[in-house]
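Asks: my questions concern the predicted model and sequence given below.
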Amino acid sequence: GGPPRRPPAGETARAVALGAGRVMGWSAAGYTFLVVLPSYLQNTLNATFQQALVATVLANLGFAATILPAGALSDRLGRRTVMLAGALLVVVFALPLLNLVQDTGAPVYAKGAALFAAGAAVGLMAGPGPAMLSEMFPTTVRYTGLGLAYALSNAVFSGCAGLIITRAVAWTGDADIPAYYAATACAVSVAALLTLRGDDHERTLR
């Protein structure tokens, strides 16, 4: 009984910040691998438009292949387990995958597999992400909390990704910046996701 509890504003604000941290890896890595990649390949690696387009298609195919299975798997294993797997994969393999794509002597099939894998890792975070955010907030502030956490993360770490990566590459001359950006954001998400209970997906929504 009784009316639904409305949490204090400070509690909601903390949950919004934590939610944004949990999905910032998804936002940053997703935008880096699925959106920024074409211009990066053309401007930094002198790839042709066709090569950049194929790379983007492969990364998005990897994303599409895992996002629905990842969501379904998180219903069984928990949001934390699946999202942590995706974030950790980006942290560990973002730089090796980018170096493989940069290697002019690497086989085309290996580069394609690397791009597909990069998209697949993002899908592991994106599949459970919306459900995880929904479960963080009680019904009285769910739309507000979810919307703010998602919008904040995407506005900062997706919306600014192209500018940050482009300017950082120009300033430093380091072609590995996209990998560092995605891996750093995912490392923060790993820390935030570790605060998530493994059985949160089984708890009754408030």
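Replies: Yes, it's here. Remember, it's a predicted structure, so these values are computed and weren't measured experimentally. Numbering: from 1, shown residues only.

Asks: Ile165 and Ser189, how far apart?
Replies: 18 Å (CB to CB, to the nearest Å). For every residue, glycine as well, the C-beta is placed using N, CA and C.

Asks: compare the two and say which is more crowded by neighbours.
Replies: Ser189 (31 against 23; other CB atoms under 10 Å).

Asks: ok, which stretches of this structure are helices?
Replies: With DSSP state H as the criterion, the chain has helices at 9-31, 37-44, 49-77, 79-102, 108-126, 129-136, 142-153, 161-172, 177-193.

Asks: contact partners for the residue nearest the centre of the chain?
Replies: Centroid-nearest residue in the chain: Trp26, 1.2 Å away (criterion: CA atoms, centre = their mean). Shown in contact with Trp26 (CB atoms under 8 Å, 6 or more residues apart in numbering): Met83, Gly86, Val122, Met125, Ala126, Gly129, Ser153, Ser189.

Asks: so for those, which is the shakiest by pLDDT?
Replies: For the contacts of Trp26, the weakest pLDDT value sits at Ser153, with 92.

Asks: my read: that one touches Leu18, true?
Replies: No. Ser153 sits out of contact with Leu18 when judged by CB atoms under 8 Å, with a separation of 11.0 Å.

Asks: Ala87 - how many residues pack around it?
Replies: 31.

Asks: measure it to Ala17 for me?
Replies: Distance from Ala87 to Ala17, by CB to CB: 17 Å.

Asks: same thing with Phe157?
Replies: 13 Å.

Asks: tell me which helix or strand of this protein sits lowest on mean pLDDT?
Replies: Every helix and strand in the chain was compared by mean pLDDT, DSSP states H and E; the lowest is helix 37-44, with a mean of 81.

Asks: in this protein, what spans have low per-residue confidence?
Replies: Judged by pLDDT under 70, the chain has its weakly predicted residues at 1-5, 199-206.

Asks: change it to 90
Replies: 1-12, 35-53, 101-106, 108, 137-143, 156-166, 169-170, 197-206 (pLDDT under 90).

Asks: return the closest of the contacts of Trp26 with respect to Leu34.
Replies: Within those, the smallest distance to Leu34 is 6.8 Å, found for Val122 (CB to CB).

Asks: setting aside sequence neighbours, what's the nearest residue to that closest one?
Replies: Gly30 (4.6 Å; CB to CB, 6 or more residues apart in numbering).

Asks: can you get me a residue count around that neighbour?
Replies: Gly30 has 29 neighbours, counted by other CB under 10 Å.
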